[in-house]
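[1] output the structure for:
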Amino acid sequence: MIRPALSAAVALAALTVAPALPAGAAHDTAPAPNSYMAQRAAVPAAEAAAVRAQVDMAPTARPLLRVPFRCGETWSGASRSGHSPSYYSVDFNWGSGHDDLGKPVKASAAGTVTRSAYDAGGYGNYIEIGHGDGWRTLYAHLQSRAYGVGAQVAVDAQIGRVGDTGNVTGPHLHYEQIKDGVVVAALFGTSTWVAYPGPAGYTRARDC
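    Numbering: from 1, shown residues only. Here you go, the predicted model:
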């Protein structure tokens, strides 16, 4: 399971390829300078590259992370050049316009909430969950947050609802998989690598 063999991994991962996102698809805009999102984007390039290289060398050491939605729902995930705080962040949409607003967001894995706050000019309402050994997941632009800092969440916990808070052009879920403070290429289950820049469809099949 090595990330450079991305095309093979995607082919074997039972991904549902989604149609191209429309030109007006909702996404994040440039964060305000003092926002948490902007601070995260300021990680030095050399430091980020070193962490990603370490992760690539030991893919089996990653936690088992699930698509952050209910079973049976297929969401289109994509990134783009200049995506803040990282190209490896993923913007998820289920429908178009306001179709996504209020849709449940699930934890990708069990863990402890390390941050639950409102990031003005950046993430808006967001939750960050720690999964051990420097691994975290982050869920942003939420309409609502169901947990505060220190809460223990189960793998099937609903942690919030999709919103349009912070610097966005419309409702969607901004999602990150993080190792030691660096956003890395997202992996769902044991073999479903996110196809960058996308779009591609992702469906949760377990731990619902």
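
[2] the residue minimising distance to the centre of the chain: what secondary structure?
    Centroid check for the chain by C-alpha atoms, centre = their mean gives residue 175 as the closest residue, at 1.8 Å. Following DSSP: H, G, I helix; E, B strand; the rest coil, residue 175 is assigned to strand.

[3] quick check, pLDDT for the closest residue to it other than its chain neighbours.
    Spatially, and ignoring its direct neighbours in sequence, residue 175 is nearest to residue 90 (4.7 Å; C-beta to C-beta, 6 or more residues apart in numbering). C-beta coordinates here come from the backbone N, C-alpha and C atoms, glycine included. At residue 90, the pLDDT value in this model is 97.

[4] and the residue nearest to the centre of the chain, what's its pLDDT?
    For residue 175, the model assigns a pLDDT of 98.

[5] who's it bridged to?
    For residue 175, the beta-bridge assignment (DSSP bridges) gives partners residue 90, residue 139.

[6] you'd agree it is up against residue 67?
    No: applying C-beta atoms under 8 Å as the test, residue 175 and residue 67 come out as separate, 9.3 Å apart.

[7] pLDDT weak spots in this structure?
    Counting by pLDDT under 70, the chain has low-confidence residues at 1-25.

[8] ranges for the helices of it?
    Per DSSP state H, the chain carries helices over the ranges 6-12, 36-41, 45-57.

[9] TSV for those helices, including mean neighbour count and distance to residue 82?
    Output for those, formatted as TSV (neighbours: other C-beta atoms under 10 Å; distance: least, C-beta to C-beta, whole Å):
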stretch	mean neighbour count	distance to residue 82
helix 6-12	13	21
helix 36-41	20	10
helix 45-57	13	14
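
[10] select, out of those helices, the one closest to residue 75.
    helix 6-12 (15.6 Å; C-beta to C-beta).
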